[in-house]
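[1] I would like to see how this sequence folds:
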Amino acid sequence: MIRVDFGHVHVDGDAPTSWHEALLGVLATLTVRWGNVAKWTEVDVPILELAYHLHRWLSLSAAQRRKPFAFQSMESDEAEWLWFRPSGDSWTVGAGQTRLIDGVEFDDLKAAAQDFVDRVVREVPAAVGVDAWDVISRPS
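    Below you'll find the predicted structure:
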């Protein structure tokens, strides 16, 4: 089972005072797990920005969600920091130029993405005092 996990939530610099500062300034260590195995870990990922984009992807119609998902932070030059691509009847998960996991079922991927967004909404306010849902749910 795939899981997109995070820990060590913190704010980069002063407490955010705007939507944009919150979107980019709440950071955490991000880990993609396959079962109990950590396949990829990255520190200082803007988790509200990732949750924002995952929330939009999850809100798409089923047909639109079958298109690849790629996250590139506005704060990074690295393309496709985290991505999901359809591959036949399943999906491949990767980071940058690296394929991390092949053969992921779409429902498992969708559940992992939703769990990540739900955890961000629950855990970020307690960790750093930022209303994560207010940031994530803002219309684009």
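
[2] going by C-alpha atoms from here, please, whenever you check contacts or count neighbours.
    Noted.

[3] how about residue 28, nearest residue that isn't a chain neighbour?
    Residue nearest to residue 28 in three dimensions, not counting chain neighbours: residue 9, with 4.4 Å by CA to CA, 6 or more residues apart in numbering.

[4] OK, contacts around the most centrally placed residue in the chain?
    Nearest to the geometric centre of the chain sits residue 50, at 3.8 Å (CA atoms, centre = their mean). Taking CA atoms under 8 Å, 6 or more residues apart in numbering as the criterion, residue 50 is in contact with 71, 73.

[5] go on, residue 99?
    By CA under 8 Å, 6+ apart, the contact set of residue 99 is 92, 93.

[6] tell me which element it falls in.
    strand 98-104 (DSSP states H and E).

[7] list the strands paired with that strand, with their directions.
    Here strand 98-104 has these sheet partners by DSSP bridges: strand 90-95 (antiparallel).

[8] buried sites along the partner strand?
    The neighbour-count check on strand 90-95 (16 or more other CA atoms under 10 Å) flags 91, 92, 93, 94, 95 as buried.

[9] please tell me how far the fourth one sits from residue 53.
    Noted for residue 94: a distance of 16 Å to residue 53, by CA to CA, to the nearest Å.

[10] and what of residue 106?
    The gap separating residue 106 from residue 53 is 17 Å, by CA to CA.

[11] give me the more crowded residue out of these two.
    Taking other CA atoms under 10 Å, residue 106 and residue 53 do not tie; residue 53 has more neighbours (21 against 18).

[12] excluding sequence neighbours, find me the nearest residue to the more buried one.
    Excluding its sequence neighbours, the residue lying closest to residue 53 (CA to CA, 6+ apart) is residue 71, at 7.3 Å.

[13] if I read this right, the one you found contacts residue 84, doesn't it?
    No - counting by CA atoms under 8 Å, residue 71 sits too far from residue 84 to count as a contact (9.1 Å).

[14] compare these two and say which is more crowded by neighbours.
    More neighbours surround residue 84 than the other of residue 71 and residue 84, with 24 against 19 (other CA under 10 Å).
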